[in-house]
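K.L.:
fold the following for me, if possible:
(4 chains)
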Protein chains: 2
Amino acid sequence: MIEANAPVTMSDVARVAGVSTATVSRVVNGHYGVSARTVAQVRSAIDQLGYESSLVATSLRRSRTNVLGLVAHSFQSYTAEVLKGVMKALSRSGFDLIIYANSDLYGSYSEGWEQRHLTRLSGTLTDGCIVVTPWGDIRSRTPVVAIDPVRGSAAPAVMADNLAGATTAVEHLLGLGHRRIGFIAGRDSLASAWAREEGYRAALANGGVPVDPTLIGRGDFNPESATPLARVLLQRPDPPSAIFAASDGMALKVLEVARELGFSVPGDLSVVGFDNIPESASTEPGLTTVDQSMYQLGYEAARMLKSLVTGEWDEPRQIVLPTSLVVRGSTAPPKSVARP
Amino acid sequence: MIEANAPVTMSDVARVAGVSTATVSRVVNGHYGVSARTVAQVRSAIDQLGYESSLVATSLRRSRTNVLGLVAHSFQSYTAEVLKGVMKALSRSGFDLIIYANSDLYGSYSEGWEQRHLTRLSGTLTDGCIVVTPWGDIRSRTPVVAIDPVRGSAAPAVMADNLAGATTAVEHLLGLGHRRIGFIAGRDSLASAWAREEGYRAALANGGVPVDPTLIGRGDFNPESATPLARVLLQRPDPPSAIFAASDGMALKVLEVARELGFSVPGDLSVVGFDNIPESASTEPGLTTVDQSMYQLGYEAARMLKSLVTGEWDEPRQIVLPTSLVVRGSTAPPKSVARP
DNA sequence: CCTGGAAACGTAACCGATAACGATTGCAGT
DNA sequence: ACTGCAATCGTTATCGGTTACGTTTCCAGG
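P.N.:
Model prediction:
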């Protein structure tokens, strides 16, 4: 239903209640200095007219919009999970959420897309933003919290304990008896990609297994980037018995390639991912992966941004969330190894 | 990076360029009546100062915010797909998108949640909204487009051709030889749920198969609602040889229950869904389903809303999008039937 | 009865931009 | 040189609220 009548403003209320707009404003905002009788009059005028204060006008005057932004370089299930967490943290908080995601194909917008949006928004439409992008630091007039920041950034951010997570994942494979473990890396500008590779190396080192550089493929977290890399690894005369992919999206592509090349999983090949996106639970076999609760990442980022905006900040500027290994059907001892 | 300096306003630019704010406004908006030399001066002042016009101030003055809203009663993969389509349609259109979704558990907010949000937003923060909710018609001062509207609503909406889709799905099962086909319905306040049930009945009628009311379970589109219903259907002494669920979310739950009760799919039981959400492709076996491109639904809804807001409307107020059957591994001829 | 001061309320400036309107300028035509 | 019409640009009211400040009201205390 569309009612075409003009919006009812504060001065309408003031006229009906027989007071000034200043008084109406006071009762709307619950300020001191209005008699009980006047409050009642104004209240009754308000819901008689169905008045709703203009968020736009209020924002202009207060120079606070109470709108936060989520800027993502792409929209995948990863992003959707983060979004859920952000919405949860913001629900009933008085903040609204506006989202920007590059809805076109991966990479079709050049680097800097996020930056352009952010400068347009900051201070004029949003009070602050959460960004999830692999492309460098972002500068803004208003507070910015990064999810999974770029490597070396000291800006406010939340991230998973990628080092520990990756270490645990590879230790899991080592514990099953694997010795030739392939790795498909993420976009190395991101701190997460770097830490996950470090974890891979550290676990191998601890296990006394030398790192074989030819078993490392350089992906970029984009699922499609893993397909050719998996093909190369699996078509070698001496394929690895296990592959650890730095993201679930890439791990799922590994599963695809494995099936296509006739590898049975986990019989011929074990696969471990990282992220625990919803799809990982519903494949056959289920994907063993490192859970990093992207929901939680989004939730914490929103909480952090909120307090940055309102100026009540007493926590660390970078939050690291724990990870946990989720063992499903895609991992098993290698065939060539005798059971202990 | 946070730069704490005050925002640069239009009058700052005016001062630097040595003109009035009106002239700056003309230049910014590309209006007629400014000499080339002045335009150049203003332009240079603008990017010397890094000026960005205040969306809030502009909105107040123009009584147009250029922000559209997406209000969803829950956030599931369905919603995420719709969201993608909406974002795509809005990208580079000058409209920004603000989203509201009930991020809490299903049903924890009472009916009317969307209505409350909408009245708060409409006309003060958004120029119009896309709503996806099973709860009745929505009234708003600004245009509203419904995705999958409630039954009998004449308000602007986009929806899939649910009747044809459901008919095709059931005909597919009939063609395979199934005669006892269970149905799990959706929330019957929605036009889609009603039409899908109609399709089920129509296909059976055409095939000369009488409708057995005891084979119909009344779900509500919420995945969890299907679990007990599937259990009831499959624990009968004479379980159906196929089940058509009115949504993929519910169909996936049927698969779960089937596995739990020892039914092999598609050996003992064929399952068909509706929606074609991403998860349906990655289960084992893949779910046969009716594709309704929720992405497309979102895209069209956004297009429609845009033109409603800008007042350039010459298309029908309700758009029906075609569906197509996607046959995957979850359907096969029933065991008890001899191959043709 | 008068004064003081707090409570209650109105006035008006302002947030940043837009647009109707008025004022100025420049130049062609006579 | 003078009129007239455009093109150009500045003034100012306005969008809907907020808030510093000033004014009025009212009651307690002297």
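K.L.:
A:Val271 in helix, strand or coil?
P.N.:
The three-state assignment at A:Val271 reads strand, by DSSP: H, G, I helix; E, B strand; the rest coil.
K.L.:
does it touch A:Arg259 like I think?
P.N.:
No: contact criterion Cβ atoms under 8 Å: A:Val271 and A:Arg259 do not qualify, at 10.9 Å. For glycine as for every other residue, the C-beta is placed from the backbone atoms N, C-alpha and C.
K.L.:
these two: which is more packed in?
P.N.:
Set A:Val271 next to A:Arg259 and count neighbours by other Cβ atoms under 10 Å in any protein chain shown: A:Val271 wins out with 30 against 11.
K.L.:
grab the nearest non-local neighbour of the more buried one.
P.N.:
Nearest residue to A:Val271 in three dimensions, chain neighbours excluded: A:Ser330, at 4.6 Å (Cβ to Cβ, 6 or more residues apart in numbering or on different chains).
K.L.:
element containing the most centrally placed residue in chain A, please.
P.N.:
For chain A, A:Val82 is the residue whose C-alpha lies nearest the centre (Cα atoms, centre = their mean; 3.9 Å). Assigning secondary structure by DSSP states H and E places A:Val82 in helix A:77-90.
K.L.:
that helix packs against which elements?
P.N.:
strand A:67-72, strand A:96-101, strand A:128-132, helix A:294-310, helix B:77-90 (3 or more Cβ pairs under 8 Å, 6 or more residues apart in numbering or on different chains; DSSP states H and E).
K.L.:
pull the CA atoms of that helix into PDB?
P.N.:
C-alpha atoms of helix A:77-90 as PDB (Å, rounded to 0.1, in the frame of the first residue of the first chain):
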ATOM      1  CA  SER A  77      29.200 -17.700   1.400                       C
ATOM      2  CA  TYR A  78      32.100 -16.400   3.500                       C
ATOM      3  CA  THR A  79      30.700 -12.900   3.200                       C
ATOM      4  CA  ALA A  80      27.100 -14.000   3.900                       C
ATOM      5  CA  GLU A  81      28.200 -15.600   7.200                       C
ATOM      6  CA  VAL A  82      30.100 -12.500   8.200                       C
ATOM      7  CA  LEU A  83      27.000 -10.500   7.300                       C
ATOM      8  CA  LYS A  84      24.900 -12.600   9.600                       C
ATOM      9  CA  GLY A  85      27.200 -11.900  12.500                       C
ATOM     10  CA  VAL A  86      27.300  -8.200  11.800                       C
ATOM     11  CA  MET A  87      23.500  -8.000  11.700                       C
ATOM     12  CA  LYS A  88      23.200  -9.900  14.900                       C
ATOM     13  CA  ALA A  89      25.600  -7.600  16.700                       C
ATOM     14  CA  LEU A  90      23.700  -4.600  15.300                       C
END
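K.L.:
so what touches that helix?
P.N.:
For helix A:77-90, contacts defined as Cβ atoms under 8 Å, 6 or more residues apart in numbering or on different chains pick out A:68, A:70, A:72, A:96-97, A:99, A:101, A:130, A:132, A:147, A:249, A:275, A:277-279, A:294-303, A:306, B:75, B:77, B:80, B:83, B:99, B:101, B:103-104, B:278.
K.L.:
how distant is that helix from the center of its chain?
P.N.:
Centre-to-centre, helix A:77-90 and its host chain are 7 Å apart (Cα atoms, centre = their mean, to the nearest Å).
K.L.:
show me the domain layout of chain A.
P.N.:
For chain A, the structural domains run A:10-53, A:67-160+A:295-320, A:162-292, going by automatic domain parsing.
K.L.:
include mean pLDDT and distance to DNA strand C when you put those into JSON lines, please.
P.N.:
Shown next, in JSON lines, are the domains of chain A (pLDDT from 0 to 100; distance: least, Cβ to the nearest atom of the strand, whole Å):
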{"stretch": "domain A:10-53", "mean pLDDT": "93", "distance to DNA strand C": "3"}
{"stretch": "domain A:67-160+A:295-320", "mean pLDDT": "85", "distance to DNA strand C": "7"}
{"stretch": "domain A:162-292", "mean pLDDT": "95", "distance to DNA strand C": "34"}
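K.L.:
turn those domains into TSV, columns for distance to B:Arg179.
P.N.:
TSV is the format used below for the domains of chain A (distance: least, Cβ to Cβ, whole Å):
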stretch	distance to B:Arg179
domain A:10-53	57
domain A:67-160+A:295-320	39
domain A:162-292	29
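K.L.:
what's the closest of those domains to B:Glu224?
P.N.:
The closest of the domains of chain A to B:Glu224 is domain A:162-292. By Cβ to Cβ, the value is 15.4 Å.
K.L.:
closest residue of the stretch 151-300 of chain A to DNA strand D?
P.N.:
Using Cβ to the nearest atom of the strand, A:Pro156 is the residue of the stretch 151-300 of chain A that sits closest to DNA strand D, at 26.6 Å.
K.L.:
so A:Leu121 touches A:Cys129, yeah?
P.N.:
Yes: assessed by Cβ under 8 Å, A:Leu121 is found in contact with A:Cys129 at 6.9 Å.
K.L.:
and A:Ala202, which helix or strand is it part of?
P.N.:
Element membership of A:Ala202 [criterion: DSSP H and E] is helix A:191-206.
K.L.:
give me the contacts around the helix or strand following that helix.
P.N.:
As assigned by DSSP H and E, the chain's next helix or strand after helix A:191-206 is strand A:216-218. Contacts of strand A:216-218 with the rest of the structure, by Cβ under 8 Å, 6+ apart, involve A:182-185, A:188, A:197, A:226, A:229-230, A:232-233.
K.L.:
10 Å instead?
P.N.:
With contact meaning Cβ atoms under 10 Å, 6 or more residues apart in numbering or on different chains, strand A:216-218 is reached by A:182-188, A:193, A:197, A:200-201, A:225-226, A:228-233, A:243, A:245-246, A:250, A:254.
K.L.:
tell me how far that strand lies from the chain's centre.
P.N.:
Centre to centre, stretch against its chain (Cα atoms, centre = their mean), the figure for strand A:216-218 is 24 Å.
K.L.:
sheet partners, orientation included, of it?
P.N.:
For strand A:216-218, the pairing partners within the sheet under DSSP bridges are strand A:181-185 (parallel).
K.L.:
can you get me a residue count around the closest residue to DNA strand D within the stretch 101-250 of chain A?
P.N.:
Closest residue of the stretch 101-250 of chain A to DNA strand D, Cβ to the nearest atom of the strand: A:Thr124 (14.5 Å). Neighbour count of A:Thr124, defined by other Cβ under 10 Å: 21.
K.L.:
how about A:Leu176, what does it touch?
P.N.:
A:Leu176 is in contact with A:241-242, A:266, A:270, A:327, A:331-334, A:337, A:340, counting by Cβ under 10 Å, 6+ apart.
K.L.:
cool, and A:Val158?
P.N.:
By Cβ under 10 Å, 6+ apart, the neighbours of A:Val158 are A:82, A:85, A:130, A:145-149, A:296-305, A:317-321.
K.L.:
how far does the helix or strand encompassing it sit from the chain's center?
P.N.:
Using DSSP H and E, the element containing A:Val158 is strand A:157-160. The chain centre lies 9 Å from the centre of strand A:157-160; the measure is Cα atoms, centre = their mean.
K.L.:
just to revisit the earlier point, give me the common contacts of A:Leu121 and A:Cys129.
P.N.:
Residues within reach of A:Leu121 and of A:Cys129 at once, by Cβ under 10 Å, 6+ apart, are A:67, A:69, A:71, A:98, A:100, A:140, A:142.
K.L.:
among the helices and strands packed on helix A:77-90, which is nearest B:Pro7?
P.N.:
Across these, B:Pro7 has its closest neighbour in strand A:128-132 (14.2 Å, Cβ to Cβ).
K.L.:
the helix or strand just after the closest one: partners in the sheet, and parallel or antiparallel?
P.N.:
On the C-terminal side of strand A:128-132, the closest following helix or strand by DSSP H and E is strand A:144-147. Using DSSP bridges, the strands paired with strand A:144-147 in its sheet are strand A:128-132 (parallel), strand A:157-160 (parallel).
K.L.:
just name the most buried of those strands.
P.N.:
With neighbours taken as mean count of other Cβ atoms under 10 Å in any protein chain shown, the strands paired with strand A:144-147 reach their highest mean count in strand A:128-132, at a mean of 26.
K.L.:
no further queries at this time; thank you.
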